[in-house]
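Q: give the three-dimensional model of this entry:
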Amino acid sequence: MALGRCLASFSLVWVVLCSFASAGDVLKNNGFVTCLDNSDIKVDRLNLSFDRSTKMITFDVAGSSAKEQKVMASLVVNAYGQRFTQSFDPCDQKTKVEQLCPVPAGSFAAKGEQTIPSDFVDKIPSIAFAVPDLEAQATLELKSTDGSQSLACIQSVVGNGKTLEAPAVSYVAVGIAGAALALTGLSAAFAGGTPGAATSGPTFGDVVGWFQSMATNGMLSVSYPPVYRSFTKNFAFSTGLVPWNQMQSAIDDFRNRTGGNLTHSNVEFLRNATLVYGDSIDPKEKGKRGLESIYNILPLAMRDVKVNTNATSSDDKSQGGINHVVKGFKAYAEQLMIPEANTFMTVLLVFAIVVAAIAVGILLFKLILELWSLWGNFPKKLTNFRKHYWGLLARTITNLILLLYGIWTLYCIFQFTHGDSWAAKILAGVTLAIFTCVLGFFTFRIWSLAQRYKKMDGDASALYEDKETWRKYSLFYDNYKKGYWWIFVPYIGYMFAKGCILAAGDGHGFIQSGAQLVVEALMLVLLLWARPYETKSGQWINISIQVVRVLSVACIILFVEKLGIGQTAKTVTGVALVAVQSALTGILAVLIAINAIIILVRKNPHVRRRKENEKYDRDLDNLTPLDARNSLLMNSRMDLHNQQDPEVGKLNVVGRYEPYRDMPAGKSRHQSSESTDRLVSHTEYGRTSPNNDGSGHGAYSDYSRVGRAY
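A: Have a look, this model is predicted:
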């Protein structure tokens, strides 16, 4: 009881200078770790909660002592560079605690309340009860009365329950992604049913890709400030990590049947454990390094345990008093109640559920159309869907594979290196091979078509102009300019590289963050050099997203423990990252709303130009020299650079030699020969204006190609 009151009373002082916390007027510790091996006094359970309104602290403590002895207690609190130290003697009349004077021998457990003096309460700043993800560390050390020997050492952190991890944030993010998906589908329908045909950003792929970037930023093996760790957790859904206890239990059973080790890697274990973030540091070194070595202790389960003073502490392990040290990707997954060995199977099942839902939706809509056709006429635009619904399903699944390829690579490689089930490893290998082959097939197919079109027409414009080619393959390049259709190839490589770096580099934060910074920077250089997107909005949105990605990874490097950056600087950096990434997310949401109007009034530029070509070709192919109809009055088309198409609207233009066509040939002043010197070549004919300016757009423009219409 005494030890409980001692820890309770002075654990409150932890908060004295911590200008951080979360939830109402209540502060509480979140787990603990010991910082002294082979100590005489051991603490097995420590739960403390302080209510500022009542000035009461509630404690629940259990432990054991090798012998009866008098002690001196010392409390050190460190919060954002500020340090507070307080010592007291449990046997002193001013601070006397009966149960600790002396510390009893054997096991003990206690639960109760104690009033905190006003002078301690007044030292707690109000901001400590308002700021989310409080980051204050405290160390309580028990020493012998002469100070020559340390008897016990405990480290913990203080929080108030407020955090940037909130279901509402995830729901809003899902809503933004859903709106982007709806607008992408709507624009595709207006463009003739092509999936992902909208070129005005942000598209569904842009939004989900951005959410995935924020989620993966929280998976590195670095020492994150709690505020940023909580923020990145909100976007885990975009990577397929969806907490679902029934699913996790089923996966645990599957692993158990296929060679998995469930000792410390199952959902039931996580429910009863306290997650301690190791951040690539050996847990044994935490006590040696003092306060700066203990970070972010998060409770995974709150326990309502009532014990008597004479009870033993042996039950604590079974009641959830296990401190589970995690770091890197394991920390990110297990804070979601997903054991690290379950991550691949979780994503696989979520992927299967999504594909099944898409298939059922498409087939159900097909059934509705068939029934509709029996009772009446449905809109003509739906005819294409009715005929090609299987192709739509295949393209949708392919689009989903393209969207998740980087994340899938991450989970598969992590399963190979950290998984324990042979069946899960086989599934990871098979699915990764299938996904890679699917993307490889389409890449080869598109490249082959591009090479064929280049031989026939001189460029690969037919990838955009041929309707059948566009319908089958445009999901890979629909947002890019005609000259940069190939950008999707380095983008696939970019996703694969990111997944490999995150999975293979797990546990090595500096290597992870450094390699990822190089990959992100190379992608940014490519976008700035090529500017491949069809619309200006797409250019700036994607370049802006990539710039923020580079800056985010650069800031995350500051979280690497080896660099020795102070915790205050890390927290400021974390808050800045949250602000910038939240602002960009908000901007994307606003742009989605704006594009909801734009997409309704403006067609996809590729589709518009293709239909214009079809219209002109259809009209010109029916003309004859005696029946030109209105072709002579047709407005000439303009390309992207406002240059006239030389093939259209030039049927009535007089060539430069036309006045001499009917003149009788005069006597030649030269002897005929086989020489072609000073003759105008066919390729030069009609390409130079009378002013020799080379523009070719005057009254004597080239009409040598117009004959194809006849």
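Q: hey, where'd the helices end up in the stretch 1-150 of the chain?
A: In the stretch 1-150 of the chain, the segments counted as helices under DSSP state H, counting those that start in this stretch are 2-11, 118-121.
Q: lowest mean pLDDT across those helices, which one is that?
A: Note on those: lowest mean pLDDT is at helix 2-11, with a mean of 38.
Q: got the buried residues for stretch 475-487?
A: Of all the residues in stretch 475-487, those buried under the rule 16 or more other CB atoms under 10 Å are 475-482, 485-487. C-beta: built from backbone N, CA, C; applies to glycine.
Q: which ones among the residues you listed map onto helices?
A: Among these, no member is found in helices (DSSP state H).
Q: give the buried residues for stretch 386-400.
A: Neighbour counts over stretch 386-400 (16+ other CB under 10 Å) mark 392-393, 395-399 as buried.
Q: right, I mislabeled it, should have said stretch 429-439
A: Applying 16+ other CB under 10 Å to stretch 429-439 flags 431-432, 435-436, 438-439 as buried.
Q: any chance of those in a markdown table, with pLDDT too?
A: A markdown table is the format used below for these (pLDDT from 0 to 100):
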| residue | pLDDT |
| --- | --- |
| Thr431 | 96 |
| Leu432 | 96 |
| Phe435 | 96 |
| Thr436 | 96 |
| Val438 | 96 |
| Leu439 | 96 |
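Q: ok, what's across the strand from Ile57?
A: Beta-bridge pairing of Ile57 under DSSP bridges involves Phe50, Gln114.
Q: and whichever strand or helix holds Arg255, what does it pack against?
A: Using DSSP states H and E, Arg255 maps to helix 245-257. Here helix 245-257 touches helix 267-271, helix 343-375, helix 422-457, going by 3 or more CB pairs under 8 Å, 6 or more residues apart in numbering; DSSP states H and E.
Q: quick one, which of the ones you listed is packed in tightest?
A: When the helices and strands packed on helix 245-257 are scored by mean count of other CB atoms under 10 Å, the highest mean neighbour count falls to helix 267-271 (a mean of 18).
Q: I'd like the average pLDDT over that helix.
A: In the prediction, helix 267-271 has an average pLDDT of 89.
Q: ok, and what's touching that helix?
A: Here helix 267-271 makes contact (CB atoms under 8 Å, 6 or more residues apart in numbering) with 245, 248-249, 252, 262-263, 300-301, 320, 322, 324, 334, 337-339, 342.
Q: which of the residues you listed tops the neighbour count?
A: Tallying neighbours with other CB atoms under 10 Å puts Asn342 at the head of the contacts of helix 267-271, with 31 neighbours.
Q: which pLDDT value does the model give the nearest residue to that residue once chain neighbours are set aside?
A: Leaving aside its chain neighbours, Asn342 sits nearest to Ile251 (4.6 Å; criterion: CB to CB, 6 or more residues apart in numbering). pLDDT, Ile251: 94.
Q: wouldn't Val326 be in contact with Leu275 here?
A: Yes - the pair Val326 / Leu275 is scored as a contact, 5.8 Å apart, by CB atoms under 8 Å.
Q: identify the contacts common to the two.
A: Common contacts of Val326 and Leu275, defined by CB under 8 Å, 6+ apart, comprise 334-335.
Q: between the two, which has more neighbouring residues?
A: A direct count of neighbours by other CB under 10 Å for Val326 and Leu275 places Leu275 higher, at 24 against 20.
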